[in-house]
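# Sequence first, predicted coordinates after that:
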There are 2 protein chains.
Amino acid sequence: MNSRLDHGTDALAPAAVAEALTFARSAVIAAGEIALRYFRQPLVVDNKLAGQAFDPVTCADREVEALLRGALRGQFPHYGVIGEEEGFTKGRDDINWVVDPIDGTRAFISGVPAWGILLGLVQNSRPLAGIMYQPYTDELFFGSADGAFLQRKGQVEPMQARRASRLEEATLYCTHESMFVKQAHLEAFRRVSAQVRLQRFGGDCYSYCLLALGQIDLVIEDSLQPYDILPLIPIIQAAGGVVTDAQGNLPVDGGFVVAAANPQLHAQVMKLL
Amino acid sequence: MNSRLDHGTDALAPAAVAEALTFARSAVIAAGEIALRYFRQPLVVDNKLAGQAFDPVTCADREVEALLRGALRGQFPHYGVIGEEEGFTKGRDDINWVVDPIDGTRAFISGVPAWGILLGLVQNSRPLAGIMYQPYTDELFFGSADGAFLQRKGQVEPMQARRASRLEEATLYCTHESMFVKQAHLEAFRRVSAQVRLQRFGGDCYSYCLLALGQIDLVIEDSLQPYDILPLIPIIQAAGGVVTDAQGNLPVDGGFVVAAANPQLHAQVMKLL
């Protein structure tokens, strides 16, 4: 296994990224079976924020992350794991898996198949590869320097975001306006919203994958955690899309995020922020 | 065929409703294959409202309705058909099929599998049976006096809405706030929204089926057409839910609609309107 020989701060070899991504795709499919056992079943919903806000954490979250941690640490013991539920397990290298076991838990507990298992591979803060898996619809979106793809019913098809969409023809998604905690961010979202042809809410991580698939043009969200967006970045980028924070930087720390189907559209949005 | 012998204003016999529903289920599955040919493909999107608002009508809409009209008129020539695209074809009796070929066209053209083929059977204005079919996720929801069911991957399972959910624990869905054209309706929606545990947008016809499935508790929407809601009424009711307009009447004319998982929750909401 070549990847086991890679150390230090040199960029991980493309073959090692490809090897890791192939293993990760099979790991998330196994994890999806666990998640489906809980989907649309009665849940024990905890409240992490103790009454402040509704932030459901389900058994599915914990079991999915535990399975992925076990599989990834077993196969790649020198890579660390950063997970939503169990935090950071340090590896020997500067390479880490980033796990969001059930992104879109509000969709999950509402029975809506817009949630996903997110798994990314990052070196320092640079996203190398990412996966979003929605097991109920059997859609596995993945991306790396080798391209962006949708795997479904055993078929793997390349994805391409819309190359030519302009703001006035765009479809804009956002999970919910309550994400925008700063008034300035809410107003920026509404300025863009007023210019597009169609604005819809809902979607969670599924929206970013629809953008990569060439179905929608923009996603603007706020209050994201790093693990909410890091695994999606390689999928968006490999499909030709652009994803940044409000300053135009790679949104590796989460927060406010603008994803656009192409650089021209991204530039149009940035002018309105 | 017994149903062919039913005439006049007597209530349609339960066996005739069951026969019609069985035929209709196979017809919508055939129609779903047509819809899937257009889903996530490049579309010719017309604009029915000539620039006023964005109301996409796709080839899928027209072909699905044409197929359903042909199948239903061939099998039940004495029943009329009321469809979104082609209007009213009168039958010999007081019984009509109600067809919304692609409910949720905005979801459809965004690649989001929350749209559905809606088909209802009504006598005068009384809904007797209804179907919502989402072919991408392979979910066929149907209801009549015989009960509410979800058919998926060849399995048919009964559905039951939540019997005991209260307002402060409820999940409330609505496709988009822009549905509320009257300020009073928007304010009523927001009063309810402020009382629930979780409020989410998106969903279209899929939300009403999730309510019947016991996954969410409330759907409040406005500006519905009769064909948007008539096919869903028997599904909601057969699952134990309640669906009315703002005055508590059956929402056979569309407009403002409140769907609740149980009568107690419905009463709590009506007090807030």
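Yes, it's here.

# helix, strand or coil for residue A:85?
coil (DSSP: H, G, I helix; E, B strand; the rest coil).

# what residues are up against residue A:88?
A:80-82, A:96 (Cβ atoms under 8 Å, 6 or more residues apart in numbering or on different chains). Placement of C-beta: from N, CA and C, glycine included.

# hang on, it is in a strand, isn't it?
Yes. Counting by three-state DSSP, one finds residue A:88 located in a strand.

# Is it bridged to anything, and to what?
Beta-bridge pairing of residue A:88 under DSSP bridges involves residue A:82.

# Check what pLDDT it gets.
pLDDT, residue A:88: 94.

# How about residue A:37?
89.

# who's in contact with residue A:98?
So residue A:98 contacts A:82-83, A:118-122, A:226-227, A:230-231 (Cβ under 8 Å, 6+ apart).

# can you tell me the helix or strand for it?
Counting by DSSP states H and E, the element that carries residue A:98 is strand A:95-103.

# does any bit of the helix or strand following that strand sit next to chain B?
With elements assigned by DSSP H and E, the helix or strand that comes after strand A:95-103 is helix A:105-109. Yes. Using Cβ under 8 Å from any Cβ of the partner chain, helix A:105-109 reaches chain B at A:106-107, A:109.

# if we can go back for a sec, most neighbours of all the contacts of residue A:98, which one?
residue A:231 (33 neighbours; other Cβ atoms under 10 Å in any protein chain shown).

# looking at it, that one is touching residue A:141, isn't it?
No. Residue A:231 is beyond contact range of residue A:141, at 9.8 Å (criterion: Cβ atoms under 8 Å).

# which neighbours do the two share?
Common neighbours of residue A:231 and residue A:141 (Cβ under 8 Å, 6+ apart) are A:131-132.

# Now do the residue nearest to residue A:62 when sequence neighbours are not counted, the pLDDT please.
The shortest distance from residue A:62 to any non-neighbouring residue, by Cβ to Cβ, 6 or more residues apart in numbering or on different chains, is to residue A:85 (5.5 Å). At residue A:85, the predicted lDDT confidence score is 84.

# does residue A:120 have beta-bridge partners, and which?
With DSSP bridges as the rule, residue A:120 is bridged to residue A:98, residue A:130.

# pretty sure it is touching residue A:127, no?
Yes. The criterion here is Cβ under 8 Å, and residue A:120 meets it with residue A:127 at 5.7 Å.

# okay, and the common contacts of the two?
With Cβ under 8 Å, 6+ apart, residue A:120 and residue A:127 have common neighbours A:230-231, A:233-234.

# Going by distance to residue B:255, which of those wins?
residue A:231 (42.8 Å; Cβ to Cβ).

# Would you confirm that the closest one belongs to a helix?
No. Read with three-state DSSP, residue A:231 is coil and lies in no helix.

# List phi and psi for it.
Here is the backbone geometry of residue A:231 (degrees, to the nearest 10): phi -70, psi -20.

# now it: how far from chain B?
20 Å (Cβ to the nearest Cβ, to the nearest Å).

# Against residue A:166, how distant is the residue lying closest to that residue once chain neighbours are set aside?
Leaving aside its chain neighbours, residue A:231 sits nearest to residue A:120 (3.2 Å; criterion: Cβ to Cβ, 6+ apart). To residue A:166, residue A:120 is 30 Å away according to Cβ to Cβ, to the nearest Å.

# same deal with residue A:236?
19 Å.

# who has more neighbours, these two?
Neighbour count, other Cβ under 10 Å: between residue A:236 and residue A:166, residue A:236 has more, with 28 against 15.

# Which strand or helix spans that one?
helix A:233-238.

# what's in contact with that helix?
Here helix A:233-238 has contacts from A:120, A:127-132, A:141-148, A:159, A:161, A:208-209, A:211-212, A:242-243, A:250-252, A:259, using Cβ under 8 Å, 6+ apart.

# Could I have the buried ones of the residues you listed as ChimeraX selection syntax?
Per 16 or more other Cβ atoms under 10 Å in any protein chain shown, the buried members of these correspond to this ChimeraX selection:
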select /A:120,127,128,129,130,131,132,141,142,143,144,148,159,161,208,209,211,212,242,243,250,251,252,259
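
# Not counting its own residues, what contacts stretch A:28-41?
By Cβ under 8 Å, 6+ apart, stretch A:28-41 touches A:58-60, A:63-64, A:67-68, A:71, A:101-102, A:108, A:111, A:113, A:117, A:119, A:131, A:133, A:135-136, A:140, B:213, B:215.

# mind checking which helix or strand the residue in the stretch 51-200 of chain A that chain B sits nearest to is in?
Per Cβ to the nearest Cβ, residue A:111 is where the stretch 51-200 of chain A lies closest to chain B, at 2.9 Å. Of the helices and strands defined by DSSP H and E, none includes residue A:111.

# So for it, what's the pLDDT?
94.

# For the nearest residue to it once chain neighbours are set aside, grab the count of nearby residues.
Ranked by Cβ to Cβ, 6+ apart and with sequence neighbours excluded, the top spatial neighbour of residue A:111 is residue B:215, at 2.9 Å. For residue B:215, the count of nearby residues is 21 (other Cβ under 10 Å).

# Then residue A:115?
27.

# quick one: it and residue A:107 touch, right?
Yes. At 4.5 Å, residue A:115 counts as touching residue A:107 under the criterion of Cβ under 8 Å.

# the longest helix in chain A is where?
If you go by DSSP state H, chain A has its longest helix at helix A:14-38.

# Report the inter-axis angle for that one versus strand A:95-103.
Put simply, helix A:14-38 runs at 20 degrees to strand A:95-103, going by axes from the mean of the first three to the mean of the last three Cα atoms, to 10 degrees.

# What residues sit buried inside helix A:14-38?
Those buried within helix A:14-38 under the rule 16+ other Cβ under 10 Å are A:16-21, A:23-25, A:27-29, A:31-32, A:34-35, A:38.
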